[in-house]
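J.: Got a predicted model here, sequence first, then my questions.
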Amino acid sequence: MGISNALRLAKVILNGFDAFFGDFQNVTLGAQARFEQADWLLVHASMSHRLEMYKKKVRDVAALSDGLADGLADDRALWREAKAEYAVLVETHSNYEIAQTFFNSVYCYVFGHEKIRDVHSFVLAPNSLPEHRDAEVIFTEYANVSDMATTARQILVDTHFNIPFEDIDRDVERIVEITDRLLRGRLRRGQSIKAQVLNSLFYRNKAAYLVGRIVVDGAMLPFVFPFLNNEDGRVYVDTVLFSPDDVSMLFSFTRSYFMVDTAVPSQYVGFLKSIMPQKELFELYSAIGFGKHAKTVFYRRAVAHTAETDDSYIIAPGIKGMVMLVFTLPSYDYVYKVIKDRFTPPKDMTREQVKGKYKLVKRWDRAGRMADTQEFNNLAFDRRRFSDELVAELEKEAPSLLEQKGNALILKHVYVERRMIPLNLYIKDATQDQLYSVMDEYGNAIKQLAAANIFPGDMLLKNFGVTRHGRVVFYDYDEICPLVDCSFRTIPLPKTEEQEMASQPWYNVAANDVFPEEFRLFFSGNRRARDAFDELHPDLYRADFWSDLQRQVKDGRVGDVYPYRRKYRFLRG
């Protein structure tokens, strides 16, 4: 008796997922060698390569499935049967939830993201972590934490780096000093205390991170040891992070994705959730590189949230953008961004060019200064939850992306992004101390993006947001470009009275010319902010500052960006 088309299709997709996961793991496994060799350019190249693997495998499997299903791959009835067969095949799969997302991706690719229903794909599966009967032990436990020096040394030795420590005695001494200070007064005699450390390190950019938790009578306290390579073949501990907020910022939505060797990602996500309970599951899946599954989990969480609330979608607060229409659900911490059909002058670009900028951000090192986004096609909403003002704005600004069917409102293309307070709104009510802090953050954000070879283009305050941690993050990508593509110039001095009084530039200006002296215009209307910025970051007004950064990038230098406060860093010596 021959195998059915539905089962054949299901097996093809599952084989494709397993092949993808194996390739994903192989790239990830190389992270330790790249860190030990201080090959930072290869680090970024490998990250970009890993991001592209998923889409390529989906395309390959979709093409293969069409041939193996006797040309019936566009038959939705076949996919309904294939889903049932696939559910049985992955029932005991250790990564069944990510395998289901892969099935969804192939289905969406075949049908152009149209008519996505739970009968054909895994749309509304439970929004929770899988339960594993034979869970792998993913951490090493150290029970003798009362002898912190011995424990700290053993934890460092167990990292199994193939390069030596710069000074392991010094690192142990510093770990003990900070740990004693933290735990002093918190512990009572006879309390049970142990440390649990994830077996795999988290690699990102120029660092490796050991992630663990101290367990005291059932209560959990996170800790992280960041390791750096001194680029002379030795490794050292740069600091110790214990604050839940500091650990949370390490896994921020503004950061690039980690490479961490985990055969069962959901187990690592569960461990991370135990030390960062405020983090959503989709944020943690995304942080370790499973962006497509993070998107699936986000969608399920959003559907659940709308079912639990009754507020309406509204136009997002702030100055309206020239390129994007932005709306939000007040009870949810995310905004929805739709590219307008026509852009407000002087913006002169196409929708495809804007989408290209967002794709660039996905592949780039975001340096902790650009918000991650989820991209959706044909996203359906309940029309009854939309304010009349918002519907009118959508009909005016993006009619080509809008479709209404009864109570369904469908947007053909949407970006979803974490909601932040626009910087221009934040500074209106900021105290002087808050103003100085946020202007310093604003300048640092621009500098760190530049060090990562990104020029924001439009640096108006409204294009930056402030997170709950007080960090300034860039979120308007339509004008970004590689820093090395810009030509930074000083405005020429006028030679005649006519030149001095001219309302338009009297000198030649090329498309890629940038005049840093003009950045002061971004503060028009807020002298307090400009004065603070002038004091804190005057170098950003100089063309030679930017040209020097360009030279460093062109020379292959990868800048240092620390996902924690510089004052936390240990002094070396």
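T.: On my side now, so go ahead.
J.: centre of the chain versus whatever helix or strand residue 221 lives in, how much separation?
T.: Element membership of residue 221 [criterion: DSSP states H and E] is strand 219-229. Remark: strand 219-229 is offset 20 Å from the chain centroid, using CA atoms, centre = their mean, to the nearest Å.
J.: buried sites along it?
T.: 221-229 (16 or more other CB atoms under 10 Å). In this view, the C-beta of every residue, glycine as well, is placed from N, C-alpha and C.
J.: Kindly report the same for stretch 113-124.
T.: Within stretch 113-124, the residues that count as buried by 16+ other CB under 10 Å are 116, 120-123.
J.: Of those, which pair is most distant in space?
T.: Based on CB to CB, the longest span within those runs between 116 and 122 and measures 10.4 Å.
J.: Report the set of residues contacting both of those two.
T.: When contacts are counted by CB atoms under 8 Å, 6 or more residues apart in numbering, residue 116 and residue 122 are jointly contacted by residue 104.
J.: pull the CA atoms of the helix-or-strand element of the chain with minimal mean pLDDT into PDB?
T.: Sorted by mean pLDDT, DSSP states H and E, the helices and strands of the chain end with helix 497-501, the least confident at a mean of 84. Extracted as PDB, the C-alpha positions of helix 497-501 are listed here (Å, rounded to 0.1, in the frame of the first residue of the first chain):
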ATOM      1  CA  GLU A 497      28.000  88.600   0.800                       C
ATOM      2  CA  GLU A 498      25.600  86.900  -1.700                       C
ATOM      3  CA  GLN A 499      26.800  83.500  -0.600                       C
ATOM      4  CA  GLU A 500      26.500  84.500   3.100                       C
ATOM      5  CA  MET A 501      22.900  85.600   2.600                       C
END
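J.: I'd like the average pLDDT over the strand holding residue 221.
T.: For strand 219-229, mean pLDDT is 93.
J.: contact partners of it?
T.: Under CB under 8 Å, 6+ apart, the answer for strand 219-229 is 35-36, 38, 155-156, 159, 161, 163, 175, 195, 201, 206-215, 235-242, 244, 246-247, 250, 274-276, 562, 564.
J.: and if you look at stretch 556-571?
T.: With CB under 8 Å, 6+ apart as the test, stretch 556-571 has contacts from 40-41, 43-44, 174, 205-206, 226, 237-239, 241, 246, 249-250, 252, 255, 365, 367-368, 448, 451-452, 552.
J.: now do 6 Å
T.: For stretch 556-571, contacts defined as CB atoms under 6 Å, 6 or more residues apart in numbering pick out 40-41, 174, 238-239, 241, 246, 250, 367-368, 448, 451.
J.: Among those, which pair sits farthest apart?
T.: Applying CB to CB across the contacts of stretch 556-571, the maximum distance is between 41 and 174, 30.7 Å.
J.: Please say which of those two ends up with more neighbours.
T.: It is residue 174, of residue 41 and residue 174, that has more neighbours when counted by other CB atoms under 10 Å, with 18 against 11.
J.: does the more buried one sit in a helix, a strand or a coil?
T.: Per DSSP: H, G, I helix; E, B strand; the rest coil, the secondary structure class of residue 174 is helix.
J.: Please tell me I have it right and residue 195 contacts residue 216.
T.: No: look at residue 195 against residue 216 with CB atoms under 6 Å: they stay out of range, at 10.2 Å.
J.: Of these two, give the one with the bigger neighbour count.
T.: Between residue 195 and residue 216, counting by other CB under 10 Å, residue 195 is the more crowded of the two (23 against 17).
J.: Wait, a strand at that one?
T.: Yes: using three-state DSSP, the secondary structure at residue 195 is a strand.
J.: what's near enough to touch it?
T.: 142, 145, 212, 214 are the contacts of residue 195 under CB under 6 Å, 6+ apart.
J.: could you dump those residues to TSV with neighbour count?
T.: Putting those into TSV (neighbours: other CB atoms under 10 Å) gives the following:
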residue	neighbour count
142	21
145	20
212	21
214	21
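J.: now, which of those sits nearest residue 293?
T.: residue 212 (24.5 Å).
J.: Can you report how many residues lie near the residue nearest to that closest one when sequence neighbours are not counted?
T.: Ranked by CB to CB, 6 or more residues apart in numbering and with sequence neighbours excluded, the top spatial neighbour of residue 212 is residue 197, at 3.8 Å. Around residue 197 there are 22 other residues, counting by other CB under 10 Å.
J.: list the contacts for residue 197?
T.: Residue 197 neighbours (CB under 6 Å, 6+ apart): 139-140, 155, 212.
J.: so it bridges to which residues?
T.: In this structure, residue 197 bridges to residue 140, residue 212 when assessed by DSSP bridges.
J.: Tell me the spacing between it and residue 214.
T.: Residue 197 sits 10 Å away from residue 214, going by CB to CB, to the nearest Å.
J.: Next SSE downstream of the longest helix along the chain?
T.: Identified as the longest helix of the chain according to DSSP state H is helix 40-68. Using DSSP H and E, the helix or strand that directly follows helix 40-68 along the chain is helix 76-89.
J.: That following helix to helix 40-68, inter-axis angle?
T.: Angle between the axes of helix 76-89 and helix 40-68 is 120 degrees (criterion: axes from the mean of the first three to the mean of the last three CA atoms, to 10 degrees).
J.: ok so residue 129 is a strand residue?
T.: No: counting by three-state DSSP, one finds residue 129 to be coil, located in no strand.
J.: these two touch, right, it and residue 271?
T.: No: checked against CB under 6 Å, the pair residue 129 and residue 271 is beyond contact range at 10.4 Å.
J.: Next, residue 252: phi, psi?
T.: Torsion angles at residue 252 (phi, psi; degrees, to the nearest 10) stand at phi -70, psi 150.
J.: Low-confidence bits of the protein, can you list those?
T.: 1-2, 69-73, 127, 132-136, 144, 146, 184-190, 524, 573 (pLDDT under 70).
J.: domain parsing for the chain?
T.: 5-110, 139-305, 309-419, 423-568 (automatic domain parsing).
J.: Would you mind measuring the gap between the ends of the first one?
T.: This stretch, domain 5-110, spans 16 Å end to end (CA to CA, to the nearest Å).
J.: How about residue 295: what's its closest non-neighbour residue?
T.: Per CB to CB, 6+ apart, closest to residue 295 is residue 374, 4.9 Å.
J.: And the contacts of the host helix or strand of the one you found?
T.: When elements are assigned from DSSP H and E, residue 374 belongs to strand 373-382. The contact list for strand 373-382 (CB under 6 Å, 6+ apart) reads 113-114, 295, 298, 407-417.
J.: can you put the buried residues of stretch 113-124 in CSV and add distance to residue 500 and secondary structure?
T.: Output for the buried residues of stretch 113-124, formatted as CSV (distance: CB to CB, whole Å; DSSP: H, G, I helix; E, B strand; the rest coil):
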residue, distance to residue 500, secondary structure
116, 61, coil
120, 68, coil
121, 66, coil
122, 67, coil
123, 65, coil
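J.: any idea which of these is the one closest to residue 396?
T.: Lowest distance from residue 396 to the buried residues of stretch 113-124 (CB to CB) belongs to residue 116, with 27.3 Å.
J.: could you measure that closest one against residue 299, distance?
T.: Residue 116 is 10 Å from residue 299, where distance means CB to CB.
J.: From the contacts of stretch 556-571, list just the buried residues.
T.: Among the contacts of stretch 556-571, those that count as buried by neighbour count (16+ other CB under 10 Å) are 40, 174, 238-239, 241, 246, 250, 367-368, 448, 451.
J.: Now compare the contacts of residue 197 and name the two farthest from each other.
T.: Farthest pair in the contacts of residue 197, by CB to CB: 139 and 155, 11.3 Å.
J.: Tell me which residues touch residue 522, please.
T.: By CB under 6 Å, 6+ apart, the contact set of residue 522 is 459-460.
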